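Predicted model, plus sequence, below.
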Amino acid sequence: MYSLPDVITHNYDPDRGAFRNICNLPPWEAETILSEIRNTTQSSPKENYLRRRLRTERWLYAERTRKCGKPYLKHPIYFFLGDFADGRDPARPESLVLPLASLPPEVLTFTYPDSMASLPLATEAMHSDDRKPYHGQVFTLAEIKAVVAQFGVPSSHGLTAAPDVYDRFIEVQVWDDRPLRQFLVDR
C-alpha cells in the first residue's frame, strides 16, 4: 500500500513571483509571457497552450465547484505533490516546498497526472490505450489518498514500480491564496 507524500512544491520564476497563474492575465499579456518563455528557455509551450490551459481550467473550476462549492479563486495556483525542488524547469527555476498539512483540505484539489494531461487522456480517442481509471477526474484530499493507496504515486521519482509516459506527477490545485501569504514573507 502506498501513502501520500507529506509535502507539495510550487515552482516559479523569481522575476514574476510565486503563486501566479497565467490565466489571470489578459490574453495578450499571457501570450507575451509565453513567447518570452519560448525564446529564453529550453521550455517551449506549444502555440495553442493558452487555449488548452483555459479549457482545462474551466473543467477544473467546474469539477471543483461541483464537489466542494465555489472556490475563492477563479484560477488555481499550481503545485506538485511531493518534493520537486530540483530546478529542472528553466522557466520556473525557484521552488517553495510546503508541508501538505499547512493548507486546509477544503482549498485543495488534485489531478493524476497534471490537469493538462489528465483531461485529454480521459476524453480524446487517440489516448484510449493509455487511459487509466483516475484520468479525467478532479480529486479532493481524501479521494487522492485513496487513489494513491491503490495506484501509488507517479514514477518520475521512483515511487512506483513502472514508469509511465504521461503519469509523471500528481498536480495540486490550490483554490485560495490567503493561506499561502504566510509563505511569501521571506520571498
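Nice, thanks for sending it over.

helices and strands around the longest helix anywhere in the chain, which ones?
Using DSSP state H to define each element, the chain has its longest helix at helix 49-68. Counting contacts by 3 or more C-beta pairs under 8 Å, 6 or more residues apart in numbering; DSSP states H and E, helix 49-68 packs against helix 27-40, strand 108-111, helix 115-123. Yep, even glycine has a C-beta here, placed from its N, CA and C like the rest.

Identify, out of these, the most deeply packed stretch.
strand 108-111 (a mean of 26; mean count of other C-beta atoms under 10 Å).

average pLDDT for that strand?
The average pLDDT for strand 108-111 rounds to 98.

Output it as PDB, restricted to C-alpha atoms.
In PDB, the C-alpha atoms belonging to strand 108-111 read as follows (Å, rounded to 0.1, in the frame of the first residue of the first chain):
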ATOM      1  CA  LEU A 108      -7.100  21.700  -2.400                       C
ATOM      2  CA  THR A 109      -7.900  19.600  -5.400                       C
ATOM      3  CA  PHE A 110      -5.700  17.100  -7.200                       C
ATOM      4  CA  THR A 111      -5.300  15.600 -10.700                       C
END
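
Between helix 115-123 and the longest helix of the chain, find me the angle.
80 degrees (axes from the mean of the first three to the mean of the last three C-alpha atoms, to 10 degrees).

Just the residues contacting whichever helix or strand comes after helix 49-68, thanks.
Next helix or strand after helix 49-68 toward the C-terminus (DSSP states H and E): strand 77-81. Counting contacts by C-beta atoms under 8 Å, 6 or more residues apart in numbering, the residues outside strand 77-81 that touch it are 4-5, 8-11, 19-21, 98, 100, 110, 144, 153, 169-174, 177, 180.

Now the most centrally placed residue in the chain, what are its backbone angles?
Note on the chain: the residue nearest the mean C-alpha position is residue 171, at 3.4 Å, using C-alpha atoms, centre = their mean. Backbone torsions of residue 171, given as degrees, to the nearest 10, read phi -90, psi 140.

Could you check how far it is from residue 118?
8 Å (C-beta to C-beta, to the nearest Å).

How about residue 154?
From residue 154 over to residue 118 the distance is 12 Å, taken as C-beta to C-beta.
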